[in-house]
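> How does the following fold in three dimensions:
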Amino acid sequence: MPIATTLNDVQTRAWVGLLHAHATVVKQLDAELLAAHGLSISAFEVLWRVAATEHGRLRMTDLAEIVLLSPSGLSRLVDRLESEGLIERIACPTDGRAINATITDAGRARLAQAEGTHSEGIRRTFLAHFSEAEVGQLGEFWLRLAPHCG
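Numbers count the residues shown, from 1 in each chain. Down below sits the predicted model:
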């Protein structure tokens, strides 16, 4: 017996399609990054987000929100990155109660090595399925839903 839903067929297909597409693409990109560079996709995103800031540092609480991890999940990930010398935890210069994740030179080097693999994976597993115009539309759609997509 089918489960009762308030979504129509088109809405259900859009929602389930998003969930499955996300899971499939992320699983493939994660496997490629791990095999080639020893970085999970979450670790890559942490390095990428921190490196993209003006001073190469970001408050742990802000970083957790941006990368969609719980504070404890981010803390465990940063522990691993710190043990590899890719990230350092440093007291925030403007708020002694806050801790910043700061990318190291080794972190920047690992990120630079992994960026090509990750970008090619994104092109192959995601972008290749859409025209440039559709990619632009997707970008606009995601920004409606999540302001940190940009």
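> Now do the strands for this protein: every range, in order, please.
Assigned by DSSP state E, the chain shows strands spanning 57-59, 87-91, 99-103.
> Identify the residues contacting the second one?
The list of residues contacting strand 87-91 from outside it, by CB atoms under 8 Å, 6 or more residues apart in numbering, reads 46-47, 50, 57, 60, 78, 81-82, 98-104, 107. Glycine gets a C-beta too; all of them are placed from N, C-alpha and C.
> ok, back up a step: would you list the strands of the chain in a markdown table and tack on mean pLDDT and mean neighbour count?
Shown next, in a markdown table, are the strands of the chain (pLDDT from 0 to 100; neighbours: other CB atoms under 10 Å):
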| stretch | mean pLDDT | mean neighbour count |
| --- | --- | --- |
| strand 57-59 | 92 | 19 |
| strand 87-91 | 94 | 16 |
| strand 99-103 | 94 | 22 |
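> Save the ones you listed as TSV, and put in distance to residue 123 too.
Formatted as TSV, those follow (distance: least, CB to CB, whole Å):
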stretch	distance to residue 123
strand 57-59	27
strand 87-91	27
strand 99-103	25
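> list the buried ones in stretch 42-55?
With burial defined by 16 or more other CB atoms under 10 Å, the residues of stretch 42-55 counted as buried are 42-47, 49-51, 53.
> which ones among these are found in helices?
Of those, the ones assigned to helices by DSSP state H are 42-47, 49-51.
> Nearest the middle, which residue of this protein would you pick?
residue 45 (4.0 Å; CA atoms, centre = their mean).
> So that one is in contact with residue 67, correct?
Yes - at 5.1 Å, residue 45 counts as touching residue 67 under the criterion of CB atoms under 8 Å.
> All set, thanks.
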